[in-house]
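*Asks:* requesting a structural model of the entry that follows:
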Amino acid sequence: MSSELTGLSYAVLTLIGRNGAGPHDLVRMARAGQRLYWAGAESKIYAQPKRLEQLGYLSSEKTPGKTRERTHYRLTEKGLKALQDWLTQPCPFPRIQSEAAIRIHASDLAAEPGTVVASLDALRAEIAELEAILDEEEAREALFPHRRRQLRLLHSLGRRILHAHREWIDEVEQLLGGDRPS
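*Replies:* All right, here's what the predicted structure looks like:
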């Protein structure tokens, strides 16, 4: 793994992939998977291709757009080699940042512990929203025949993550729900 490349750098390189992409494409793709697979600000995603081009991992060309020219990035040999090297490295267990888990851990400290259980209600709506995004992305799989298997596996992981969270919320409500304020 190159010391000048970050986790976000590798994410951007993989999103650019074989066909290339523009900054707006990268942000759209990131929006679709970001909340499930990684955290990163859109501004950082927009900035990353320029940085990677300066380092020699990407090249760019101007292409016609609806209102103005668009920048389209492609992997260079150096970028492809960096990805290939990175793909051979052992993959660590994913870092999980869960505010819900922290809230449950601290729920015994709440003035009314049941309010913490109630605060998780919003997760159900967010899970439904993420499932709808997965539905849309699964419908788009045919547009990327070269990545169809990879996308199917990512969408499967996304579904499993959402299912696990829904089941966990059910368990939280079952075990701690009696503390919920009426």
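*Asks:* let's verify residue 72: helix, strand, or coil?
*Replies:* strand (DSSP: H, G, I helix; E, B strand; the rest coil).
*Asks:* got the contact list for it?
*Replies:* Applying C-beta atoms under 8 Å, 6 or more residues apart in numbering to residue 72 gives the contacts 20-22, 60-63. All C-beta atoms are positioned from the backbone trio N, CA, C, and that covers glycine.
*Asks:* give me that answer again for 7 Å
*Replies:* 20, 22, 60-61, 63 (C-beta atoms under 7 Å, 6 or more residues apart in numbering).
*Asks:* can you give me the helices for the chain?
*Replies:* Using DSSP state H, the helices assigned to the chain run over residues 7-16, 23-37, 42-54, 77-88, 99-105, 113-119, 121-139, 148-176.
*Asks:* quick one, the third one and helix 77-88 angle?
*Replies:* Taking axes from the mean of the first three to the mean of the last three C-alpha atoms, to 10 degrees, helix 42-54 and helix 77-88 form an angle of 120 degrees between their directions.
*Asks:* does anything pack onto helix 42-54? Which helices or strands?
*Replies:* helix 7-16, helix 23-37, strand 58-63 (3 or more C-beta pairs under 7 Å, 6 or more residues apart in numbering; DSSP states H and E).
*Asks:* for residue 123, which of those is the nearest?
*Replies:* helix 23-37 (11.9 Å; C-beta to C-beta).
*Asks:* pull out the CA atoms of stretch 162-169 and give them to me as PDB.
*Replies:* Provided in PDB are the C-alpha atoms of stretch 162-169 (Å, rounded to 0.1, in the frame of the first residue of the first chain):
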ATOM      1  CA  LEU A 162     -29.400  -3.700   6.800                       C
ATOM      2  CA  HIS A 163     -31.100  -6.900   7.800                       C
ATOM      3  CA  ALA A 164     -28.600  -7.400  10.800                       C
ATOM      4  CA  HIS A 165     -29.400  -3.800  12.000                       C
ATOM      5  CA  ARG A 166     -33.100  -4.300  11.700                       C
ATOM      6  CA  GLU A 167     -32.900  -7.600  13.800                       C
ATOM      7  CA  TRP A 168     -30.600  -5.900  16.300                       C
ATOM      8  CA  ILE A 169     -33.100  -3.000  16.800                       C
END
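*Asks:* chain center to it: distance?
*Replies:* 18 Å (C-alpha atoms, centre = their mean, to the nearest Å).
*Asks:* check the average confidence over that stretch, would you?
*Replies:* Taken as a whole, stretch 162-169 has a mean pLDDT of 96.
*Asks:* give the buried residues for it.
*Replies:* Buried residues in stretch 162-169, counted by 16 or more other C-beta atoms under 10 Å: 162, 165, 168-169.
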